[in-house]
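In: I would like to see how this sequence folds:
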Amino acid sequence: MEARAYLRHARISPRKVQIVLDLIRNKPVEEAAAILKYTPKAACEPLAKLLASAVANGVNDPAKNMDKDRMYVAECFVCPGPTMKRIRPRAQGRAFSVLKRTSHVTLVLREKE
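Out: Numbering: from 1, shown residues only. Below is the predicted model:
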C-alpha cells in the first residue's frame, strides 16, 4: 500500500527543493516532519504541508487504511515545472533576463513490513 501527494507549480527552484528532499528520503514520517520543522530552508514549509497531505491520504482513505506509525517516505523527487521569464532593466538601456523557476514535487509514503 502506498499514499501519494503532489505539489505542482511551487514557486521555488528544483535545486533548492532537492537539498531538503535528500534529508527526508527513507525516514519515518514523524522523523521527516521533525526534520522539516527544524531545517532553516525555504522549501521546508511547503514540503511539510505536502508530507501532512500524503499522511492524510494514506490514513483517511478507506481502501488504503494505512497506519501512521508505520509509514515512511519511500520516494520523493522533484521535477522542474514551467519557467517564468522576466526582464530586469540594467545600465545603458539593456535588459537582462531573469528566470523564475518552478517545481513539481512528488512524495510517496509506504508502510514498513
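
In: Just the strands from the protein, written as ranges.
Out: For the chain, the strands defined by DSSP state E cover 2-10, 71-80, 84-89, 95-100, 103-111.

In: Can you read off the pLDDT for the most centrally placed residue in the chain?
Out: Among the residues of the chain, the one closest to the centroid is Leu47, at 4.1 Å (CA atoms, centre = their mean). Residue-level confidence at Leu47 comes out at 97, pLDDT.

In: now do Met71
Out: For Met71, pLDDT reads 95.

In: Count the neighbours of it for me.
Out: 24 (other CB atoms under 10 Å). Backbone N, C-alpha and C define where each C-beta goes, glycine included.

In: so it makes contact with Leu107?
Out: No. Taking contacts as CB atoms under 8 Å, Met71 lies outside contact range of Leu107: 11.1 Å.

In: Identify all contacting residues around the longest helix seen in the chain.
Out: In the chain, taking DSSP state H as the definition, the longest helix is helix 44-60. By CB atoms under 8 Å, 6 or more residues apart in numbering, the residues outside helix 44-60 that reach it are 1-7, 10, 12, 17, 20-21, 24, 29, 32-33, 36-37, 64-68, 71, 73, 105, 107-109.

In: State the pLDDT value of Asp61.
Out: On the pLDDT scale, Asp61 is placed at 89.

In: Would you confirm that it contacts Arg4?
Out: No. Look at Asp61 against Arg4 with CB under 8 Å: they stay out of range, at 10.7 Å.

In: list the contacts for the nearest residue to Val98 once chain neighbours are set aside?
Out: The shortest distance from Val98 to any non-neighbouring residue, by CB to CB, 6 or more residues apart in numbering, is to Arg86 (4.4 Å). Listed by CB under 8 Å, 6+ apart, the contact set of Arg86 reads 97-100.
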